[in-house]
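A.B. asks: sequence-free structure coming up:
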């Protein structure tokens, strides 16, 4: 085997190893499934009376400096929660949320994928801009699956692939 062939094989193995190490996570209660990057942990929680899955990155600096927050939940859709209406809502700015820079509706799958930025004040009146990747799927008349992957805008690019692996792979088993 030539040196070039060995280098190509090593490169393929190294590139494939990160995706090969990712595991599939299935929640037994909500029936939500998604890809879980190596080292990330899932912690069930209750937010506003709704059970949600909080996906936590492995390193403290990812949780603190990058302020990574991944939240996955199933809720009952509101009366006006239709994909075209939700897409239109994200296409226009609202308060501290900018108009989305990416909105894709897949009507056949009943899925909306959007990317947008929003801002908020934190301690000492410091304004922080957050970058959000959000997936909304209308499963049926009674269930709406929502996955939101968020990080500080300055750090989002660094952790983009891991958060995309989680949010874009989220599915819910049909009844």
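C.D. replies: Looks like it came in fine. From a predicted model like this one, the values you see are computed outputs, not experimental measurements.
A.B. asks: what sits up against the one helix or strand residue 163 maps to?
C.D. replies: Using DSSP states H and E, residue 163 sits in helix 153-167. For helix 153-167, contacts defined as CB atoms under 8 Å, 6 or more residues apart in numbering pick out 22, 34-37, 40, 55, 57, 62, 65-68, 70, 72, 117, 129-131, 133-135, 147-149, 151. Backbone N, C-alpha and C define where each C-beta goes, glycine included.
A.B. asks: residues near residue 75, how many?
C.D. replies: Number of residues near residue 75 (other CB atoms under 10 Å) recorded here: 17.
A.B. asks: gap between it and residue 60?
C.D. replies: Applying CB to CB, to the nearest Å, the value for residue 75 to residue 60 is 30 Å.
A.B. asks: Any buried residues in the helix holding residue 163, and which?
C.D. replies: Neighbour-count burial for helix 153-167 flags 155-156, 159, 162-167 (criterion: 16 or more other CB atoms under 10 Å).
A.B. asks: Show the residue spans covered by the helices in the protein.
C.D. replies: 3-21, 60-64, 83-91, 153-167 (DSSP state H).
A.B. asks: which secondary element of this protein has the worst mean pLDDT?
C.D. replies: Least confident helix or strand of the chain, by mean pLDDT, DSSP states H and E, is helix 3-21 with a mean of 47.
A.B. asks: ok, so what distance separates residue 73 from residue 50?
C.D. replies: 6 Å.
A.B. asks: And these two? Which one has more around it.
C.D. replies: residue 73 (20 against 12).
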